[in-house]
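A.B. asks: let's see this in three dimensions:
(one chain, ligands or ions: 1)
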Amino acid sequence: MGFQEYKSSELLTKVLKENGFNVDEGIAEIPTAFVASYGSGKPIIAVLGEYDALPGLSQTTEFIKKPLKEGAPGHGCGHNLLGTAGVGAVLAVKEALDAGEVKGTIKYYGCPAEEVFNTKGYMINPGQVFENIDISITWHPGIFNGIALQSNTAMNSVFFKFYGKTAHAAADPYNGRSALDAVELMNVGANYMREHMIPDARLHYVITNGGLAPNIVPAEAEVHYFVRAPERYQVDELYNRLIKVAEGAVLMTETRLEIDFLSGTYNPIRNDVVNNVIYDKMRQIGPPIFNKDEQRFAEELKKTVPPPDFTEIKKIIPSDMLDMAMKNLEQALFPIISPPLGKGTVAAGSTDVGDVSWYTPLGEFGTACHVIGSPGHSWQNVATSGMSIGHKGMIKAAQIICLTALEFLDNPELVEKARKEFDNTFKDKGYKSPFPEGYKLPFHRLIKSGNN
Ligand SMILES: [Zn+2]
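C.D. replies: Take a look at the predicted model:
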């Protein structure tokens, strides 16, 4: 799991070192973060990799729910494939550099803990490791083959801690000031605030400390909030209003407030020039081809998921493509390369790829590694991530990343074009770290929290 992925980062760095890559380990004070480089000079191409798992999702490669080890983590987001494809790609690019076919530098970014933290955004700032990158390429295992055009929400993840005064809840409650009251009043205020937020924003919370026993007036209580919106500035605005709500709760209850900022991310804005190259390479490489056994396995696994709801997907499919799209979506495994869809729309959830996209021209895509309709972060995804279905999607991804990197290494004008688009997109909005000044990584908190 996030920040504990020692085995994975060790294995990936070992393979990269054995192949002559220069590896910087433990960057940005994160033991499992690293950057591996090969070659020299411009352009510099970055390939992003993730390799963290999710709690409680251990699963065998069978089509019934059956943990490999009860209660253990599993790769419900397919990051075992994500990190590995990137390594495959940079090893192949290295061969082309060695053969003198292209010139420049290829880098692999080992980015831990995507599930619990904006590690990439954190690496951008304290580590200064994303400087001078010309092009960034990443991908994600999914149920489709296609380039990523939908954005995701920007978000903040913050703990609000209230401190009151304890007392015997029956004998002298008038001497107490309940920190839990402050949490509850804050939540009431936040729920009234919902009415006056933009419709695409999201606010969710859990009470992480509600006191110890009913007969003790809680001196301490805590609530954990996520604030999400399509744009970073919208998150900032809503977050500032949420702080006012918390301060109101303080006034009402005569308590004290501490704000513990955990993480914040940007909404991804991918670069069309990079995405178009990726799309060309995807069509050249073709979709993963699944054999009869894999199809049969997928059909069986599909029976374990609820009938897929295509309401959101249908919104981004043009009407003349709908029949064709639905025919493909009825399959267990997605059989084609999807045409580019969804530009200008925002998908639910957040990703720390967003921060990198505001810092370097970035392209992203997905390949079919999971069964259509399989929910995100599910045991079904773990099953296909561990077998030939996921492995085939991963190999395709490695090939697509490799060919995309080679195209940019071979074509300085294309690099220039991507940079121009980037400068144009962000001319009025520079990247400012979402982390407050003096921020220190709270590992103890992060290991237990969610992020995206
Ligand atoms: Zn993921």
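A.B. asks: shaky segments in the chain?
C.D. replies: Confidence mapping of the chain against pLDDT under 70 gives the ranges 447-452.
A.B. asks: show me the domain layout of it.
C.D. replies: The chain breaks down into these domains under automatic domain parsing: 6-151+267-425, 154-264.
A.B. asks: can you name the farthest residue from the center of the chain?
C.D. replies: The outermost residue of the chain, judged against the average C-alpha position, is A171 (50.0 Å), by Cα atoms, centre = their mean.
A.B. asks: ramachandran coordinates for that one?
C.D. replies: Phi and psi for A171, reported as degrees, to the nearest 10, are phi -70, psi -50.
A.B. asks: which residue packs closest to G386, ignoring adjacent ones?
C.D. replies: Excluding the flanking residues, the one nearest G386 by Cβ to Cβ, 6 or more residues apart in numbering is T61, at 4.6 Å. Backbone N, C-alpha and C define where each C-beta goes, glycine included.
A.B. asks: and for D200?
C.D. replies: Using Cβ to Cβ, 6+ apart and skipping residues adjacent in sequence, the residue nearest D200 is P230, 5.2 Å away.
A.B. asks: I figured that neighbour hits S151, correct?
C.D. replies: Yes - with contacts counted by Cβ atoms under 8 Å, P230 reaches S151, the gap being 6.7 Å.
A.B. asks: can you pick out the residue with more neighbours from those two?
C.D. replies: Taking other Cβ atoms under 10 Å, P230 and S151 do not tie; S151 has more neighbours (22 against 17).
A.B. asks: list the contacts for that one?
C.D. replies: 230, 267-269, 345-347 (Cβ atoms under 8 Å, 6 or more residues apart in numbering).
A.B. asks: need the contact list for the residue nearest to D200.
C.D. replies: With Cβ under 8 Å, 6+ apart as the criterion, the residues that contact P230 are 151, 153-154, 200-201, 267, 346.
A.B. asks: which among those end up buried?
C.D. replies: Neighbour-count burial (16 or more other Cβ atoms under 10 Å) applied to the contacts of P230 gives 151, 153-154, 201, 267, 346.
A.B. asks: can you give me the helices in the stretch 301-450 of the chain?
C.D. replies: Assigned by DSSP state H, counting those that start in this stretch, the stretch 301-450 of the chain shows helices spanning 311-315, 322-329, 353-357, 379-385, 388-410, 412-425, 443-446.
A.B. asks: so which of those helices is nearest P43?
C.D. replies: helix 412-425 (4.8 Å; Cβ to Cβ).
A.B. asks: buried stuff in that closest one?
C.D. replies: 414-415, 417-419, 422, 425.
A.B. asks: same thing with stretch 257-271?
C.D. replies: By neighbour count with 16+ other Cβ under 10 Å, stretch 257-271 contains the buried residues 257, 262-271.
A.B. asks: the buried residues of helix 412-425 into JSON lines, with extra columns for distance to L82?
C.D. replies: Putting the buried residues of helix 412-425 into JSON lines (distance: Cβ to Cβ, whole Å) gives the following:
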{"residue": "L414", "distance to L82": "25"}
{"residue": "V415", "distance to L82": "25"}
{"residue": "K417", "distance to L82": "27"}
{"residue": "A418", "distance to L82": "22"}
{"residue": "R419", "distance to L82": "26"}
{"residue": "F422", "distance to L82": "24"}
{"residue": "T425", "distance to L82": "25"}
